[in-house]
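**Student:** pasting the sequence and the predicted model now:
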Amino acid sequence: MNHQKNISGKELEGTITSDDILGKDVIDLDGRFIGITEKIFIHPETLDFVGISVDKGFLRKGLSIGSKFIERVASHAIFLKISISNEIRGLKVFDKNGKKIGKVIGVNLIGSGNEIDAIEVASAIGSIGVGKKLVILSKYIDKANYNILLNVTKKEVMDMQIV
Amino acid sequence: MENLDITLKGVVPFEKTINLKEVLGREVISKNGRIVGRVHQVRMADNGMHVEGILVSRGFFRSKIFLSEGYINKLTEDSIVLNIDPFILFKNLKVVSSQGEVIGKVVDFVRSDNTNDVSALIVKGFMRGKFNIPSSFVKSVGYSLILKQSYEPPKKHFWKRT
């Protein structure tokens, strides 16, 4: 390694560089491979590390993740301390009795954070009417992992839509 | 519903029972929402009138799995919801070291008896061959399996003397 002079006034041993972050896999709390780090955001005045931008692959929208959601930067990947809420798009939705309701087509987040406000669900054919969209508040979500399990019945979900 | 003459001795009313025929072919959903397969058979003890478990069909070329009654959370006419994520769902899952390196894929399991308790995973990795990872080294299981920092993965090798 090229020995460099250090005029930072700090001990740099144990710190990481942009090379340690860029191009690495980003893994969320559920073990999902989200994408590859492509940018680092730094505040222009405070020079604080603000977050990273993740390339999710060809034709997929990128994602910016704030530094507070990063658990650690390991030698081969960056681990997050959250599950990316947007990743639940496309998952199947079941009611508390395991009855299929539809698929997640949209996720409404609170502000620019990761907390879900509500999900938009498109019906399974013959389920709630083709083309119909349901909005389900996050408080009715029991588990959002491989698929979404609600803590209410399908009938209760349908009743909520009328109100 | 058609008119029925009900002869009841037990405490469960007819309305609270379900037709097992309706359950056949229904989806079996794991605790965390993963679809395990479809109900192939509902098995009852040969000396009683109690459901002992279900035989789940997982599709072509995949072995069926029997899940005993203790692993069933809800059995409805819509689907069956389990109170576990059956170990079989973790087959082929990527195994990631604490440093974020993919060290292999889960190919088999070491279980205690025939329960869902996995004591070790058998993992196969590129240039690492097959190796065992005790489940105590597993930090989390989801879309991939992440190991604890205390686990040291085997080194890559071209050839290993036996």
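**Tutor:** Done, it's in. Residues are numbered from 1 along each chain as shown, chains lettered A, B, ... in the order given.
**Student:** next to chain A in this structure, residues from chain B, please.
**Tutor:** B:27, B:29-35, B:74, B:76, B:78-81, B:94, B:96-101, B:140-146 (C-beta under 8 Å from any C-beta of the partner chain). Heads up, the C-betas are built off the backbone N, CA and C, glycines and all.
**Student:** which PyMOL command selects the buried ones in these?
**Tutor:** Per 16 or more other C-beta atoms under 10 Å in any protein chain shown, the buried members of those correspond to this PyMOL selection:
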select buried, chain B and resi 27+29+30+31+32+33+34+35+76+78+79+80+81+94+96+97+98+100+101+141+142+143+144+145+146
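**Student:** list the ones among the residues of chain B next to chain A that fall in strands.
**Tutor:** Here DSSP state E is the test, and the residues of chain B next to chain A give B:27, B:29, B:35, B:74, B:79-81, B:94, B:96, B:140-141, B:145-146 as lying in strands.
**Student:** chain A: which of the residues you listed is nearest?
**Tutor:** residue B:79 (3.2 Å; C-beta to the nearest C-beta).
**Student:** let's see the pLDDT reported for residue B:129.
**Tutor:** pLDDT, residue B:129: 90.
**Student:** could you measure from it over to residue B:145?
**Tutor:** 18 Å (C-beta to C-beta, to the nearest Å).
**Student:** break the chain into its domains for me.
**Tutor:** Because you didn't say which chain, this covers chain A. With domains defined by automatic domain parsing, chain A comprises A:18-83, A:86-162.
**Student:** my bad, chain B
**Tutor:** Using automatic domain parsing, chain B is parsed into the domains B:14-84, B:88-147.
**Student:** and the ones you listed, which one is worst for confidence?
**Tutor:** domain B:14-84 (a mean of 90).
**Student:** how about the host helix or strand of residue A:159: buried residues?
**Tutor:** Using DSSP states H and E, residue A:159 falls within helix A:154-162. For helix A:154-162, burial by neighbour count (16+ other C-beta under 10 Å) applies to A:154, A:157.
**Student:** now for residue B:38: which residues touch it?
**Tutor:** B:25-28, B:56-57 (C-beta atoms under 8 Å, 6 or more residues apart in numbering or on different chains).
**Student:** can you flag the buried ones in those residues?
**Tutor:** The buried subset of the contacts of residue B:38 (16+ other C-beta under 10 Å) comprises B:26-28, B:56-57.
**Student:** reformat the residues you listed as CSV; add distance to residue A:121.
**Tutor:** Listed next are the buried ones among the contacts of residue B:38 as CSV, based on distance: C-beta to C-beta, whole Å:
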residue, distance to residue A:121
B:26, 20
B:27, 17
B:28, 22
B:56, 26
B:57, 27
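**Student:** sketch out the low-pLDDT regions of chain A for me.
**Tutor:** In the predicted model of chain A, residues A:1-2, A:124-131, A:162-163 satisfy pLDDT under 70.
**Student:** show me what the closest residue to chain B within it is bridged to.
**Tutor:** Across chain A, no residue is closer to chain B than residue A:77, which sits at 2.4 Å (C-beta to the nearest C-beta). Beta bridges link residue A:77 to residue A:25, judged by DSSP bridges.
**Student:** you'd agree it is up against residue B:97?
**Tutor:** No - if you go by C-beta atoms under 8 Å, residue A:77 and residue B:97 don't touch, sitting 9.1 Å apart.
**Student:** close to chain B: what parts of chain A are there?
**Tutor:** A:24-25, A:27, A:29-33, A:74-79, A:91-92, A:94, A:97-100, A:143-149.
**Student:** doesn't residue B:136 belong to a strand?
**Tutor:** No - read with DSSP: H, G, I helix; E, B strand; the rest coil, residue B:136 is helix and lies in no strand.
**Student:** what about it, how many residues nearby?
**Tutor:** Residue B:136 has 10 neighbouring residues, counting by other C-beta atoms under 10 Å in any protein chain shown.
**Student:** distance of it from residue B:100?
**Tutor:** 20 Å.
**Student:** can you pull the phi/psi pair for the residue of chain B found nearest chain A?
**Tutor:** When scored by C-beta to the nearest C-beta, chain B has residue B:100 as its residue closest to chain A, at 2.4 Å. Main-chain torsions, residue B:100, degrees, to the nearest 10: phi 90, psi 10.
**Student:** ok, and the closest non-adjacent residue to it?
**Tutor:** Nearest non-adjacent residue to residue B:100, counting by C-beta to C-beta, 6 or more residues apart in numbering or on different chains: residue A:77, 2.4 Å away.
**Student:** how long is stretch B:125-141 end to end?
**Tutor:** 18 Å (C-alpha to C-alpha, to the nearest Å).
**Student:** pull the residues that contact it.
**Tutor:** So stretch B:125-141 is contacted by A:29-31, B:85, B:90, B:93, B:95, B:98, B:103-105, B:107, B:110, B:118-124, B:145-148, B:150-151, B:153-158, B:160 (C-beta under 8 Å, 6+ apart).
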